[in-house]
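In: Return a 3D structure for these sequence lines:
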Amino acid sequence: MFGRHPDKEASENPEAAVEVHLEWDIDAVQQAVVTFLQNPNDGARQSLLTELEKLDNQIDLGDAYAASVVDSPIFGIAPKGAVLGETSSHSMAEEVPGPVVRAQVTLVRAAKTAIRDPSPGAIGELRTASDALASVDSQSGPA
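Out: I've put the predicted structure just below:
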C-alpha cells in the first residue's frame with residue numbers, strides 16, 4: 001500500500017493465531033501418530049483414537065462459541081474468529097506459521113482416515129502427512 005510491495009512469502013504463508021488448547025491437542029495427535037506409525041498395534045491405535053476424540057471435543061467447543069451470541073462483536077472488541085479454535089473472548093493464542101497449520105489439518109484428516117480404514121494405502125498417506133508436518137515444523141523453527 002502507498003508504494004510499498006508486501007513481502008510475497010509473508011503474504012503466502014501468514015501466521016495464524018491458534019488457541020493454545022487446540023494447538024496442544026494437535027501436538028498430542030501428532031505424537032500419537034508417530035507412536036502408531038512406529039508400532040501400529042491396538043494400543044497405539046486406541047491412543048491415537050483417544051487423542052483424535054480430545055481434539056474433536058476442543059473443536060466442538062470452538063464451534064459452539066463461534067455459533068453463540070456470547071461475546072458477539074461490538075465496538076472495540078475483536079470479532080470472533082480472530083483466533084482459530086477460540087472458546088472465549090479471552091482465549092490464549094499461539095502464532096503458528098500457515099504452512100504448519102495446513103500440514104496439521106492434513107495430518108488430522110489422514111489420521112482419521114487411518115483409524116476408520118487401517119489399509120496400507122491409508123497408513124501410507126498418514127506416514128506421508130506425518131513426514132510432511134515434521135519437515136514443515138523443522139523449517140519453521142522453534143515456536
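In: Please list all residues in contact with Thr106.
Out: Ala129, Ala132, Leu133 (C-beta atoms under 8 Å, 6 or more residues apart in numbering). (Each C-beta comes from the backbone N, C-alpha and C, glycine too.)
In: Which SSE is immediately downstream of the helix or strand encompassing it?
Out: Element membership of Thr106 [criterion: DSSP states H and E] is helix 98-116. Sequence-wise, the next helix or strand downstream of helix 98-116 (DSSP H and E) is helix 120-140.
In: what comes into contact with that following helix?
Out: 30, 33-34, 36-37, 40, 97, 99-100, 103-104, 106-107, 109-111, 113-114, 116.
In: Pick out the residue nearest the middle of the chain.
Out: Gln104 (4.6 Å; C-alpha atoms, centre = their mean).
In: what sits against that one?
Out: Ile26, Gln30, Val96, Leu133.
In: repeat that with 7 Å
Out: By C-beta atoms under 7 Å, 6 or more residues apart in numbering, the residues touching Gln104 are Ile26, Leu133.
In: Check it and give its pLDDT.
Out: Note for Gln104: predicted pLDDT of 96.
In: Next, the angle helix 120-140 makes with the helix holding Thr106.
Out: Per axes from the mean of the first three to the mean of the last three C-alpha atoms, to 10 degrees, the angle that helix 98-116 makes with helix 120-140 is 160 degrees.
In: Give me the mean pLDDT for the longest helix belonging to the chain.
Out: Determined from DSSP state H, the single longest helix within the chain is helix 42-67. Taken as a whole, helix 42-67 has an average pLDDT of 92.
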